[in-house]
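# let me see the structure of the following:
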Amino acid sequence: MILVTDGQMRHSLAVVRSLGRKGLKVMVGDSEMISTSFFSRYASKRIVYPDPVKKEKEFLAFLLNLVQKEKIEMIIPITDACLIPLAKHREEFEKYTKLPLINYDLIMKARDKAQTIKIAEEIGIPVPKTYYPETLQGIQQVKEYPVIIKPRMSSGSRGFALCNNYEELKNNFEMILKEYPQGLLVQEYIPKKDEIGFYALLNQRSELKAFTVQKRIRSYPLNGGPSTLRETIRHDYVKDLSLKLLKSINWQGLAMVEFRVDARDGTPKLMEINPRFWGSLALSIAAGVDFPYLLYRLAKDGDIEEHLNYKVGVKCRWLFPGDILWFLSAKKSWKNLKDFLNFKIKDDIIEIADPLPIFGSILASFIYLLSREKRKYVFRR
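Residues are numbered from 1 along each chain as shown. Model (predicted):
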């Protein structure tokens, strides 16, 4: 039995479906009673665990008891909320189960955007001009606008703010620092041409075992956030830059390396690394690279053969609620309407062979709307 956490997430569903199709038994966990992946035909068991953010100790105790009681072969954590505490207590858990290629120090290094950018600068990878102010006084060194404020540690573009002048920078910096006391960085705004991601699996020797490259076509929010439509492409330069960065820090396991192509000179510039499965995982699988099963085999057997070929030009969308929110936010035009109404594109959640998760997604979304705390994860600026 394999435990997949964070069953509400669409990439959790992609993992559940991938492993289930291979005949593996999958237990799906979440901190909520209603969760998208609970409705999948490939979910053999479903469990509700304590909220890992609000009750980390209870969450860890619950899972430690579960892996012993249910003889869980492997835990695949999906979001940072589950990944980080499990990585921190890896030795304790690995007495009873496997945590595939999860290294706490590497995870924290990758999550810290300031560390990532500094390392990239040192080895010659193009990055936006970046400032690292620790206090409000530190922002006075910023002379050119517009700039973007980013928390050193966040995901899904949360906590980002575009500032066109000093007053906006000052006001946003004070406000965001209260929510993200781990620290902020300020970067020059890169006029967007394309957003390109390198998605990879590396073994314990930092050797590339599988990858895809994707170009983001639509996002919600419009100015930066999870992709709602994306396509597989070839981009050797982005691949080479990504591998240079990952190998420089002896990376192991899953990685998502994000770049924004600067419209001024066409140069891909590094945005961040994420040390886990990505929201658009269903596209990688549709393009012929079954990352969840490859990760499972790599953790179980110690190594796998290379899977370095994938289909180019494959598209996948996140219709509900992602692409619907994109359409409601985007400029109203015939082209946008025509593009949105193209329902022949593969979807992250909707699948004829496994139809019920879409109902789970709808139910869960309504629950999110009723919660003031969770509503911000649906409607964003």
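# residue 12 belongs to a strand?
No - going by DSSP: H, G, I helix; E, B strand; the rest coil, the assignment for residue 12 is helix, not a strand.
# against residue 51, how distant is it?
16 Å (CB to CB, to the nearest Å). In short, each C-beta sits where N, CA and C put it, glycine included.
# between these two, which one's more packed in?
Neighbour tally, residue 12 and residue 51, criterion other CB atoms under 10 Å: the higher count belongs to residue 12, 27 against 14.
# need the contact list for that one.
4, 5, 6, 28, 36, 37, 78 (CB atoms under 8 Å, 6 or more residues apart in numbering).
# could I get these as CSV with pLDDT, neighbour count and distance to residue 180?
Listed next are those as CSV, based on pLDDT from 0 to 100; neighbours: other CB atoms under 10 Å; distance: CB to CB, whole Å:
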residue, pLDDT, neighbour count, distance to residue 180
4, 98, 31, 28
5, 98, 28, 24
6, 98, 28, 21
28, 98, 28, 30
36, 97, 29, 28
37, 98, 31, 29
78, 97, 26, 22
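# okay, now residue 257: neighbour count?
28.
# and what of residue 164?
11.
# quick one: contacts for the closest residue to it other than its chain neighbours?
Once flanking residues are discounted, residue 164 sits nearest to residue 146: 4.8 Å by CB to CB, 6 or more residues apart in numbering. Residue 146 makes contact with 162, 163, 164, 188, 189, according to CB under 8 Å, 6+ apart.
# might one say that the third one is in contact with residue 148?
No - using CB atoms under 8 Å, residue 164 makes no contact with residue 148, being 10.9 Å away.
# quickly list what's touching both of these two.
Joint contacts of residue 164 and residue 148 (CB under 8 Å, 6+ apart) do not exist.
# gap between the two ends of stretch 123-135?
The first and final residues of stretch 123-135 sit 28 Å from each other (CA to CA, to the nearest Å).
# so residue 121 touches residue 127, yeah?
Yes - when contacts are counted by CB under 8 Å, residue 121 is listed as touching residue 127 (5.7 Å).
# the two: who's more crowded?
For residue 121 versus residue 127, the count of surrounding residues by other CB under 10 Å is larger for residue 127: 19 against 14.
# export the contacts of residue 146 to JSON lines and tack on distance to residue 299, secondary structure and pLDDT?
Output for those, formatted as JSON lines (distance: CB to CB, whole Å; DSSP: H, G, I helix; E, B strand; the rest coil; pLDDT from 0 to 100):
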{"residue": "162", "distance to residue 299": "40", "secondary structure": "strand", "pLDDT": "93"}
{"residue": "163", "distance to residue 299": "43", "secondary structure": "strand", "pLDDT": "95"}
{"residue": "164", "distance to residue 299": "47", "secondary structure": "coil", "pLDDT": "95"}
{"residue": "188", "distance to residue 299": "40", "secondary structure": "strand", "pLDDT": "96"}
{"residue": "189", "distance to residue 299": "40", "secondary structure": "coil", "pLDDT": "95"}
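# all helices of the stretch 151-300 of the chain, in order?
166-179, 236-248, 281-286, 291-301 (DSSP state H, counting those that start in this stretch).
# need the winner for burial among those.
helix 281-286 (a mean of 26; mean count of other CB atoms under 10 Å).
# and that helix, what does it pack onto?
The contact analysis (3 or more CB pairs under 8 Å, 6 or more residues apart in numbering; DSSP states H and E) places helix 281-286 against helix 10-21, strand 208-219, strand 227-232, helix 291-301, strand 315-317, strand 346-347.
# want to throw these into a markdown table with mean pLDDT and distance to residue 240?
Below are the helices and strands packed on helix 281-286 laid out as a markdown table (pLDDT from 0 to 100; distance: least, CB to CB, whole Å):
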| stretch | mean pLDDT | distance to residue 240 |
| --- | --- | --- |
| helix 10-21 | 98 | 26 |
| strand 208-219 | 97 | 11 |
| strand 227-232 | 97 | 18 |
| helix 291-301 | 97 | 21 |
| strand 315-317 | 98 | 25 |
| strand 346-347 | 96 | 29 |
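# tabulate these (TSV), appending distance to residue 84.
Listed next are those as TSV, based on distance: least, CB to CB, whole Å:
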stretch	distance to residue 84
helix 10-21	16
strand 208-219	24
strand 227-232	23
helix 291-301	18
strand 315-317	28
strand 346-347	30
